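1. predicted model follows, preceded by the sequence.
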Amino acid sequence: MQGYCSLVLHAHLPYVRHPEHDNFLEENWLYEAITETYIPLLQVMEGWLRDGMDARLTLTLSPTLCSMLLDPLLQERYMRYLNGLIELAEKETHRTYWEAGLRPLADDYLERFKKIRDTYLRHDRNLVEAFAAFQDLNRLEIITTAATHALLPLLEDDPASLRAQVLVARDHYRSCFKCDPRGIWLPECGYAPAVDSALQEANIRWFVLETHGLLQAHPRPRYGVFTPVFTPNGIAAFGRDIDSAKQVWSKHEGYPGDGRYRDFYRDIGFDLDYDYLKPHLPAPPCRSFTGIKYNAITGDNVEKKTYHRAAALQAAADHAGHFLDARMKQIERLAGIMERAPIVMCPYDAELFGHWWYEGPEFLDFLFRKAFYDQKAFAMITPEEYLRQHSTHQAAQPAPSSWGEEGYWKVWLNETNAWIYPHLHVAQERMAELARRFPQASGLLERALKQAARELLLAQASDWPFILRTDTSPEYARKRITDHLLRFNALRDRILENRADEAWLRRLEWQDNIFPEVNYRYWS
């Protein structure tokens, strides 16, 4: 082996759980991701295990995502969603019976959704435990991220909240996987030197940086992004490889734009008769995606072509072969000029594979199989394994950076969302004040302090300013931020006035029930 390649998939969704409503449109973010990404990825990994492949993958399972996957209410609602999807697919097999181009696709969807349900039930609805089993077999490295995916550099002036985001995430990881996380996905790959001390306290050993965050380190890394560096606190920083990123992510050059693949946006939820769809829509009269799509990517201002599954799978195989060939040549070239084995770091959002890029799980399957059977130039490896095998690296201070627009914080701090941060700053100072004032609380007071911590954590999520920037569900994001901050302030007032209401508090705990054992003292 001349070198290594490491694929890191970041699985994260904001915490969306609304027990106060029977149906809630934004909960579908989770149900779609389970159906289109998480279970298909699990099925692919089960195939590798069945065939005796020593395939190594790294996967973030964010604390908010794990909390939702483990929640009995959301598990039950997902089953309702999936059963409804199967009913709709069955209707589609009848509606398309005489349409030669669509009937095989309708049959495929019905079979696919039934297999998804079988897999979900076979794992007792517990996908966290299903992925943990692969980590126990040393086939998967599961890493964490900040508790609610807060952009950590924007907490640089509030070390207590930065520390709490990391330590709460570590504690939650322990409760899920019965061990400590070794790696962390910094939300949005956002790094600033102040992050290091919190990572060191949590005993985190490595993280991934955007390319320029490592290339602009001081001193300059001798081997660029193809080996990690150790920060001044002794934590390994791996840099994202720009070539492999471009092949997958690029709007113009990336694989998912190939015309043989399925079109994401053309969905029967917007095309078919409303009364036909109404029983299967999560929030009628609003139309929404169903996941049943019959068209290929065709381009603008032309009639959409019908999707052909065999052609799409051939495209996925072709692209996996191209990706593999590019990595082989890249690693062979690097091995010839470096004094140590290079590692090519390939981090991606997990939801790209399956949700946005329907054939993404098949691409991963083809890629890992080709890498295992068809070449000897490099090995697939996890970052933790690489550090165990190669323990000596250059020391350097990485530069502040993120993988967002223009490489810094612009997406999360701009004219659409700047109003959030003064309110967050006040709440963060007040939380630290409460933690210092009541270091040994118990009973109702402790419950109120823990709920205040939950509300602050949920308000800090980077997802809300991102949604405001992209203008996808701005009213929902704005409401989530203001609701959590209003609840936090109400809790703080009642705590200071010693008038906590148990019934009211119980309702908040029922509504925002994430991190049941959160340690509010971390803010002190």
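-> Right, received. Where do you want to start?

2. what's the pLDDT at Lys251?
-> Lys251 is assigned 69 on the pLDDT scale.

3. cool, and Tyr97?
-> If you check Tyr97, the pLDDT there is 95.

4. now it, nearest residue through space, not along the chain?
-> Ranked by C-beta to C-beta, 6 or more residues apart in numbering and with sequence neighbours excluded, the top spatial neighbour of Tyr97 is Arg103, at 6.1 Å. Bear in mind the C-beta positions are built from the backbone N, C-alpha and C, glycine included.

5. the domain parsing of the protein - what is it?
-> 3-70+127-257+309-405, 74-125+263-306, 414-523 (automatic domain parsing).

6. distance check, the closest residue to Leu313 other than its chain neighbours against Ala317.
-> Counting by C-beta to C-beta, 6+ apart, Leu313 lies nearest to Glu362, which is 5.9 Å off, once chain neighbours are set aside. Distance from Glu362 to Ala317, counting by C-beta to C-beta, to the nearest Å: 8 Å.

7. ok, the two, which is more surrounded?
-> Glu362 (21 against 18; other C-beta atoms under 10 Å).

8. give the contact list for that one.
-> Contact analysis of Glu362 by C-beta atoms under 8 Å, 6 or more residues apart in numbering lists 44, 313, 316-317.

9. ditto for Leu508
-> Leu508 neighbours (C-beta under 8 Å, 6+ apart): 451, 455, 487, 491.

10. Ala320 contacts Phe372, correct?
-> No. Proximity of Ala320 to Phe372 does not meet the contact threshold set by C-beta atoms under 8 Å, at 11.9 Å.

11. of those two, which one has the most company?
-> Between Ala320 and Phe372, counting by other C-beta under 10 Å, Ala320 is the more crowded of the two (21 against 16).

12. how about the contacts made by the more buried one?
-> 363-364, 366-367, 370.

13. for the chain, longest strand please?
-> strand 3-11 (DSSP state E).

14. in it, what's buried?
-> 3-11 (16 or more other C-beta atoms under 10 Å).

15. export the residues you listed to a markdown table and tack on distance to Thr145 and pLDDT?
-> Shown next, in a markdown table, are these (distance: C-beta to C-beta, whole Å; pLDDT from 0 to 100):
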| residue | distance to Thr145 | pLDDT |
| --- | --- | --- |
| Gly3 | 27 | 96 |
| Tyr4 | 23 | 97 |
| Cys5 | 22 | 97 |
| Ser6 | 17 | 97 |
| Leu7 | 17 | 97 |
| Val8 | 11 | 98 |
| Leu9 | 12 | 98 |
| His10 | 7 | 98 |
| Ala11 | 9 | 98 |
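
16. which pair of these spans the longest distance?
-> Gly3 and Ala11 (26.4 Å; C-beta to C-beta).

17. just the CA atoms of the strand or helix carrying Val208, as PDB, please.
-> If you go by DSSP states H and E, Val208 is part of strand 206-209. Provided in PDB are the C-alpha atoms of strand 206-209 (Å, rounded to 0.1, in the frame of the first residue of the first chain):
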ATOM      1  CA  TRP A 206      -8.800  14.500  15.800                       C
ATOM      2  CA  PHE A 207     -11.100  16.700  13.500                       C
ATOM      3  CA  VAL A 208     -11.400  17.600   9.900                       C
ATOM      4  CA  LEU A 209     -10.600  21.100   8.500                       C
END
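
18. report all helices and strands that that strand contacts.
-> Using 3 or more C-beta pairs under 8 Å, 6 or more residues apart in numbering; DSSP states H and E, the elements in contact with strand 206-209 are strand 183-185, strand 236-239, helix 383-389.

19. let's go with 6 Å and repeat that
-> For strand 206-209, the packing partners by 3 or more C-beta pairs under 6 Å, 6 or more residues apart in numbering; DSSP states H and E come out as strand 236-239.

20. just want the angle from the next helix or strand after the strand it packs on to strand 3-11.
-> Moving toward the C-terminus from strand 236-239, the next helix or strand (DSSP H and E) is helix 242-249. Put simply, helix 242-249 runs at 40 degrees to strand 3-11, going by axes from the mean of the first three to the mean of the last three C-alpha atoms, to 10 degrees.

21. how about helix 242-249: buried residues?
-> Within helix 242-249, the residues that count as buried by 16+ other C-beta under 10 Å are 244-245, 247-249.

22. run a quick neighbour tally on Trp419.
-> Residue neighbour count, defined by other C-beta under 10 Å, stands at 12 for Trp419.

23. go on, Asp107?
-> 14.

24. which residue, other than its chain neighbours, is closest to it?
-> Thr93 (5.9 Å).

25. so the one you found versus Ile292, what's the distance?
-> From Thr93 to Ile292 the distance is 11 Å (C-beta to C-beta).

26. more neighbours, those two?
-> Ile292 (21 against 18).

27. tell me the secondary structure at that one.
-> coil (DSSP: H, G, I helix; E, B strand; the rest coil).

28. in terms of pLDDT, where does the closest residue to it other than its chain neighbours sit?
-> Take Ile292 and drop its neighbours on the chain: the residue closest to it by C-beta to C-beta, 6+ apart is Ile268, 4.9 Å away. Looking at Ile268, its pLDDT reads 96.

29. and the contacts of stretch 55-66?
-> 7-13, 15, 48, 128, 140-143, 145, 147-148, 169, 172, 176, 185, 368, 380-382 (C-beta atoms under 6 Å, 6 or more residues apart in numbering).

30. distance from the chain centre to that stretch, please.
-> From the chain centre to the centre of stretch 55-66 is a distance of 8 Å (C-alpha atoms, centre = their mean, to the nearest Å).

31. end to end, how far does it reach?
-> When the termini of stretch 55-66 are compared using C-alpha to C-alpha, to the nearest Å, they are 23 Å apart.

32. residue ranges with poor pLDDT in the protein?
-> 251 (pLDDT under 70).

33. longest helix in it, please.
-> Secondary structure assigned by DSSP state H gives helix 309-337 as the longest helix of the chain.
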